[in-house]
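> Build me a model from this:
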Amino acid sequence: MEEILLKIDELAKYHDQVSPDLIREKDIKPGLRNADGTGVVVGITSKGLVVGYEKVLTPDGKGYKVKSVEGRLLYCGYDVCDLTEGIYREGRFGFDEVSYLLLTGELPAAEDLTRFSSTLAKRRTLTKLERGILMQDGENENQMYALHSVVSHLSRCDSNPESTDLKHETNRCINLIAKFPTIVAYNYHVMRYRTGSTLSIIRPDPALSAAENFLYMLKGKRPSRFEAELFDLCLILHAEHGGGNNSTFTVRAVSSSGANAYMAICSGIASLSGHLHGGANESVMRMMKGIKKQVGDWEDRDEVKTYLQRMLDGKAYDRSGKIYGMGHAVYTVSDPRAVLLKEKAWELARMKNMSHEYALYNLVEDTAQEIFRERGKLDICVNVDFYSGFIYKLLGIPMELYTPIFAMSRVVGWSAHRIEQIIQNRIMRPAYASSIAAESSYVPLANRGKEAAA
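All right, here's what the predicted structure looks like:
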């Protein structure tokens, strides 16, 4: 068996690797990215707009160049910073409101928001069948695997799961948005129960917001207003990020085939489980743990800088040559989500007597940017994952749930994009150029390998 595995691995590498010359010759866009790093435009959406750069005319007027700008994130045309500021100034939790906005394209009137929030509150409680599915399929220690398994089986609770009628689709999306926090919290408790802990299942309280309910179901006590509002902000900031992020694009691609909502949403969960997409804040937390062990004086800028330089050179920590939480595919000067969370992380750190650790995060951010500037990379900012994991840690949320929480929030964006994709109604079928230069003639089995041997 080992021999055939080695042979397949060798041949796969030989045939599947593509030379940079061939990519240039055929004008391929690997990763759906242009040569200047910008994304290839493959569709149109009203849901989310991510702004990190502008294309401006070159001095000769014959082309364009990319200009870095302060990052902005817009939901259905509304700047997310303005949305959150307005919502919290008026004393509300905002996740329901933002969910309504992304699903419909409009901010709800007061009576619409009341009805929508009431509907979500009623649907957070799992039915007997749904609880049974969870007990059967939610025991996996990997909480993303468990979430994928449970959601894939929710079609058993749907009398007509294959219907793509918009009323049915919207109803399913609202169900999923409502139930995800309950499923994520219960999955974790079931996993803990399987490993010897007491099973703790707390029914969601219809009087609590989505953020309050999740923290309540997870920890068994109601959070403070500040903690719940901060978690609500995290949910809002992760709810949507344009159609081009990997998991949303995957949901749209699967939806375009006519697959049902449960399979499409599961494809988003599968994509988000990848370490290059959903697990970034966990990578930041592990990196910071390593820094805290290896750096003797957390306040010594030179010592921190030296260690980060060794990390970038592949000589320290995991030797990947990366500083996790730095840089983004679109944002250049700043990630607006990170800007908002950094401020809140400072407030929470002071409350929890963790100012010293927050200061280390701040120093790593500042020093890493300095190193990148010295190495000619001027526009590298911290992304949302740099501070979100630290906030979750201070809120007492176990690391196993960091990525499921991402899914719990992003299911809103996935749902909104699925509905939009169904309305646009065109299957995705991009082209791939062949790397094979010429046809091969069939060789009888008895003769194969003889030329190579000769």
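> Can you give me the domain boundaries for the protein?
Following automatic domain parsing, the chain resolves into domains at 111-275+403-423, 280-394.
> now, of those, which is deepest in the fold?
domain 111-275+403-423 (a mean of 20; mean count of other Cβ atoms under 10 Å). C-betas here are computed from N, CA, C, even on glycine.
> starting at the chain centroid, how far to that one?
14 Å (Cα atoms, centre = their mean, to the nearest Å).
> Count the residues that sit near the nearest residue to L272 once chain neighbours are set aside.
Leaving aside its chain neighbours, L272 sits nearest to G278 (3.7 Å; criterion: Cβ to Cβ, 6 or more residues apart in numbering). Close neighbours of G278, defined as other Cβ atoms under 10 Å, add up to 26.
> Repeat that for I8.
Counted with other Cβ under 10 Å, I8 comes out at 10.
> Could you do the one 4 residues further on as well?
Burial of A12, expressed as a neighbour count using other Cβ under 10 Å, amounts to 10.
> for it, helix, strand, or coil?
For A12, the secondary-structure state derived from DSSP: H, G, I helix; E, B strand; the rest coil is helix.
> helix, strand or coil for the spatially closest residue to V330 that is not a sequence neighbour?
What sits nearest to V330 in space, not counting adjacent residues and going by Cβ to Cβ, 6+ apart, is G52, at 4.1 Å. Following three-state DSSP, we place G52 in the strand state.
> First-to-last residue distance for stretch 215-232?
End-to-end distance for stretch 215-232, by Cα to Cα, to the nearest Å: 10 Å.
> Kindly report the same for stretch 42-51.
Stretch 42-51: ends 17 Å apart by Cα to Cα.
> How about stretch 248-263?
The first-to-last residue distance of stretch 248-263 comes to 13 Å (Cα to Cα).
> now swap in stretch 119-131 and tell me
First residue to last in stretch 119-131 (Cα to Cα) measures 20 Å.
> hang on, the earlier thing: check contacts around the residue nearest to V330.
G52 sits next to 68-69, 71, 328, 330-333 when contact means Cβ atoms under 8 Å, 6 or more residues apart in numbering.
> Give the rounded mean pLDDT of stretch 90-99.
Mean pLDDT, stretch 90-99: 98.
> any idea how far that stretch is from the chain center?
Distance, stretch centre to chain centre, for stretch 90-99: 21 Å (Cα atoms, centre = their mean).
> for the helix or strand where G86 lies, the distance to its chain's centre please.
Secondary structure from DSSP states H and E places G86 in helix 80-89. Computed by Cα atoms, centre = their mean, the chain-centroid distance of helix 80-89 equals 22 Å.
> Remind me what the helix or strand just after that helix packs against, helices and strands.
Sequence order places helix 95-104 as the next helix or strand after helix 80-89, per DSSP H and E. Here helix 95-104 touches strand 64-75, helix 80-89, helix 110-123, helix 166-194, helix 210-219, helix 225-238, helix 402-424, going by 3 or more Cβ pairs under 8 Å, 6 or more residues apart in numbering; DSSP states H and E.
> in the helix holding G86, what counts as buried?
80-81, 83-84, 87 (16 or more other Cβ atoms under 10 Å).
> Mind pulling up the pLDDT for G244?
The model's pLDDT for G244 equals 93.
> and the nearest residue to it once chain neighbours are set aside, how many neighbours does it have?
Nearest residue to G244, sequence neighbours excluded (Cβ to Cβ, 6+ apart): G39, at 5.1 Å. Using other Cβ under 10 Å, G39 has 18 other residues around it.
> what does R429 give?
By the measure other Cβ under 10 Å, the count of residues near R429 is 8.
> quick one: it and S257, what's the gap?
R429 is 10 Å from S257, where distance means Cβ to Cβ, to the nearest Å.
> Please verify my assumption that V150 contacts M135.
No. Between V150 and M135 there is no contact under Cβ atoms under 8 Å: 9.8 Å.
> Okay, and the residue nearest the centre of the chain sits in which element?
The centroid of the chain falls nearest to G278 when counting by Cα atoms, centre = their mean (4.3 Å). Using DSSP H and E, G278 falls within no helix or strand.
> Pull up the gap between it and M287, please.
In this view, G278 and M287 are 16 Å apart by Cβ to Cβ.
> And the pLDDT at G449?
Taking G449 on its own, its pLDDT is 81.
> and E365, helix, strand or coil?
Recorded secondary structure, E365: helix (three-state DSSP).
> The one 5 residues further on too?
When classified by three-state DSSP, E370 comes out as helix.
> residue contacts, it?
K305.
> shift numbering so it begins at 32
Right, with 32 as the first residue, what we last looked at is E401.
> now it: how far from R368?
Separation of E401 from R368 (Cβ to Cβ): 22 Å.
> Likewise for A347?
Taken as Cβ to Cβ, the span from A347 to R368 is 28 Å.
> go on, H199?
H199 sits 33 Å away from R368, going by Cβ to Cβ.
> same question, N276
13 Å.
> ok, now R234?
32 Å.
> low-confidence ranges in the protein?
By pLDDT under 70, the weakly predicted segments of the chain are 38, 42, 169-170, 482-485.
> Helix, strand, or coil at L80?
strand.
> Look up the closest residue to it, ignoring the ones flanking it.
Using Cβ to Cβ, 6+ apart, the closest residue to L80 is L105 (4.2 Å).
> how about R203, what does it touch?
Per Cβ under 8 Å, 6+ apart, neighbours of R203: 189, 292-293.
> Could you rerun that using 6 Å?
A292 (Cβ atoms under 6 Å, 6 or more residues apart in numbering).
> before we move on, the earlier item: tell me which of the contacts of G83 is nearest to I267?
Using Cβ to Cβ, G102 is the member of those that sits closest to I267, with 15.9 Å.
> What's the local residue count around that closest one?
There are 22 residues near G102, going by other Cβ under 10 Å.
> Kindly report the same for D127.
D127 has 26 nearby residues by other Cβ under 10 Å.
> which residue sits closest to it, ignoring its sequence neighbours?
In space, D127 is closest to S148, 4.5 Å off (Cβ to Cβ, 6+ apart).
> Same check on S183?
S183's closest residue in space is C297 (Cβ to Cβ, 6+ apart), at 4.9 Å.
> That's all I had, so thanks and see you.
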